[in-house]
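Q: Coordinates for the following, if possible.
(2 chains)
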Amino acid sequence: MSRPVPELHFKRIFDAPRPLIFSCMIDPQHLTHFWGPVGVRAPLDKIRVDPRPGGVFETTMINESDGSEYATYAIYDEVKPPELLVWIEPHTGMRVRAEFVVIAPERTEVRIHQTSVPEAFLLPEAQAGFLSSLDRFAEYLADCTNQRSNNDS
Amino acid sequence: MPRTDDRLDGAFAALADPTRRAIIRSLAGGDATVSELAEPFDISLPAVSKHLKVLERSGLISRQRHAQFRPCHLEAEALEVAADWINAQRRTWDERFDKLDAHLEDLQHGTRQQRTTDV
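A: All right, here's what the predicted structure looks like:
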């Protein structure tokens, strides 16, 4: 069953060119500076980014007040530099779409659109695949992606 | 982030329907019976009862077991859990964006300074 999380939109305009912001979102050297919210660190050595459909996006968040850790896992679904990133978090059932829109030469709007994961991605086999082997799940997702683009064309 | 638990899933599933959201709004004004809740809608009592069952299962409302008309009661706490989750998502992105903004400023400021030094 698809988790019925509501659709959420967040956006912000940054005074920076689009390619720079896009690289911030996929480069661990940049991510470590901002990925954790206030009071939470995302150490560089624990960020794994493989920005291609089916590639992993993993971080470990460390709460600065008590040192507690939690890992986040996601699989990229769409990667179109420098305009679009879509990743899926199997454990939360969320699909996050990050769109990078040029507002002016040095101004870029980042639009986040968070929705439920489409049902097909959350089949028990898919979740089991994810839990036992990230790679297998990545393959599964890549297949889904391929099927979808075949259907589209 | 804590994983969305079953309670949250139930609440969001229940709130996905506009009639059920309207029922929640009515109940925010106070307890009401099924027929009172059905009044503003152009749907049958059994249809409203069905929505109420979904809401009850999700924990968003409760009904007295023994009272004759079994008035419905909004469980505000369950609704807050759902609202808190949404707010936590918003806060995460807000704070992340604040930090990204600062990081971009550092990057670009640093670059500009370097250029000035180079010249």
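
Q: And the residue nearest the centre of chain A?
A: Centroid-nearest residue in chain A: A:W87, 3.4 Å away (criterion: Cα atoms, centre = their mean).

Q: burial of A:G93, as a residue count?
A: A total of 21 residues lie near A:G93 under the criterion other Cβ atoms under 10 Å in any protein chain shown. Every residue, glycine included, has its C-beta placed from N, CA and C.

Q: next one: A:V102
A: 13.

Q: which residues does it contact?
A: A:R18, A:T108 (Cβ atoms under 8 Å, 6 or more residues apart in numbering or on different chains).

Q: Can I take it that it is in a strand?
A: Yes. Assessed with DSSP: H, G, I helix; E, B strand; the rest coil, A:V102 lies in a strand.

Q: What distance do you get for it to B:L60?
A: 43 Å (Cβ to Cβ, to the nearest Å).

Q: Would you mind naming what in chain B lies close to chain A?
A: B:1, B:3-4, B:8-9, B:12-13, B:15-16, B:86, B:89-108 (Cβ under 8 Å from any Cβ of the partner chain).

Q: give me that answer again for 7 Å
A: Counting by Cβ under 7 Å from any Cβ of the partner chain, the residues of chain B lying close to chain A are B:1, B:3-4, B:9, B:12-13, B:16, B:86, B:89-93, B:95-97, B:99-101, B:103-104, B:108.

Q: which residue sits closest to the residue nearest to the centre of chain A, ignoring its sequence neighbours?
A: A:A74 (4.1 Å; Cβ to Cβ, 6 or more residues apart in numbering or on different chains).

Q: For A:I62, which three-state class applies?
A: Following three-state DSSP, A:I62 is assigned to strand.

Q: Tell me where chain B has strands.
A: For chain B, applying DSSP state E gives strands covering B:61-63, B:72-74.

Q: CSV for these, including mean neighbour count and mean pLDDT?
A: Converted to CSV, the strands of chain B look like this (neighbours: other Cβ atoms under 10 Å in any protein chain shown; pLDDT from 0 to 100):
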stretch, mean neighbour count, mean pLDDT
strand B:61-63, 19, 94
strand B:72-74, 20, 92
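
Q: strands paired with the host helix or strand of the residue nearest to the centre of chain A, and their directions?
A: Per DSSP states H and E, A:W87 falls inside strand A:84-89. Strand A:84-89 sits in its sheet next to strand A:69-80 (antiparallel), strand A:94-104 (antiparallel), going by DSSP bridges.
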